[in-house]
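Student: Predicted coordinates and the sequence they were generated for:
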Amino acid sequence: MIFLTRRATFSASHYYWNDSWPAEKNERVFGRCANRNGHGHNYTLEVTVAGEPNPVTGFVVDLKWLKDAMEREVLAAYDHKHLNLDAPEFKQAIPTTENIAVAAWKRLEPAVNAAGGARLSRIRVYETPEIFAEYRGEA
Amino acid sequence: MKAYFGRRYMLSASHRLHTQALTADENRAAYGKCNNEHGHGHNYFVEILVGGAVDAETGMVVDLVELDGTVRKKVLDRFDHANLNLDPLFADRVPTTENFCTAIYDLLRHALPAGNLEHVRVEETENNFFECSARG
């Protein structure tokens, strides 16, 4: 089994706010992230797929195909966007790094499965070089 | 929904790799430059990975501010700008990065504000790093 990882970057704004809480609780729990005017990050998306190399091409997946899939399924929706306002999955869910990793998985998994040959293994999203979240498809 | 939250910290510390179990020549042979009598230091990067359910109300596995507070109290305040050899944890253990990684894992495993400690990774330089995980 080979694990292949491709990185891409995107820049987006967001804020943390739970509509079912009063403002005071949002500000206490989320601190500076609760500023309703938003703030932004340069995110790094790492997508890891797992599979056996194709006996003819030697590829687990074609890296160009994976790059295009990441751009089409994830970056087109998130890059230079306001995650709370522009991405439908964050109308309800708060765009924390954890939820972005889960959402990117949901966006990419159908394309990886349809291509065949490999399965999605891990999505890691860096919000800053020191903060990241991972999702491995677990329930 | 289970996910993982990772956080990286830096700390600067000195150490000397030397054991009373070996002779001076054997220590030099085993540890090379790292056996220098007066020690040396590194900027260590410590990466903590916390696994757990994403809280439905906050969207978080663990609160970053609370995690930072725990790591500061248990790890950074103890080891940053310190000599690892003088810490009681290394009284009878050589402060290799393997042992340092294990020591940090043990200090944090039952102290996290939420979730489970999935792994501790310690980077001694940009070219070498060590990981300690629940899987052993």
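Tutor: In hand now; what should we look at?
Student: Residue B:27 belongs to a helix?
Tutor: Yes: applying DSSP: H, G, I helix; E, B strand; the rest coil, one finds residue B:27 inside a helix.
Student: residue contacts, it?
Tutor: Listed by Cβ atoms under 8 Å, 6 or more residues apart in numbering or on different chains, the contact partners of residue B:27 are B:17-19, B:35. Heads up, the C-betas are built off the backbone N, CA and C, glycines and all.
Student: Tell me how far it lies from residue B:17.
Tutor: Residue B:27 sits at a distance of 8 Å from residue B:17 (criterion: Cβ to Cβ, to the nearest Å).
Student: try residue B:64
Tutor: Residue B:64 is 34 Å from residue B:17, by Cβ to Cβ.
Student: try residue B:74
Tutor: For residue B:74, the distance to residue B:17 - Cβ to Cβ - is 24 Å.
Student: now do residue B:94
Tutor: For residue B:94, the distance to residue B:17 - Cβ to Cβ - is 6 Å.
Student: wouldn't residue B:123 be in contact with residue B:45 here?
Tutor: Yes: using Cβ atoms under 8 Å, residue B:123 is in contact with residue B:45, at 4.1 Å.
Student: The two: which has the busier surroundings?
Tutor: Per other Cβ atoms under 10 Å in any protein chain shown, whichever of residue B:123 and residue B:45 has more neighbours is residue B:123, with 20 against 17.
Student: Can you pull the residues that touch both of residue B:123 and residue B:45?
Tutor: With Cβ under 8 Å, 6+ apart as the test, residue B:123 and residue B:45 both reach residue B:129.
Student: Neighbour count: residue B:64 and residue B:17, which is higher?
Tutor: Higher neighbour count among residue B:64 and residue B:17: residue B:17, with 20 against 17, using other Cβ under 10 Å.
Student: Could you give the separation of the one helix or strand residue B:67 maps to from the chain centroid?
Tutor: For residue B:67, the host element (DSSP states H and E) is helix B:64-71. On the basis of Cα atoms, centre = their mean, to the nearest Å, helix B:64-71 sits 15 Å off its chain's mean C-alpha point.
Student: swap in stretch B:114-125?
Tutor: That offset, for stretch B:114-125, works out to 7 Å (Cα atoms, centre = their mean).
Student: Please list the residues outside it that contact it.
Tutor: Counting by Cβ under 8 Å, 6+ apart, B:4-5, B:42, B:44-52, B:55, B:61-63, B:66, B:97, B:100-101, B:104-105, B:108-109, B:129-134 sit against stretch B:114-125.
Student: Thank you, goodbye.
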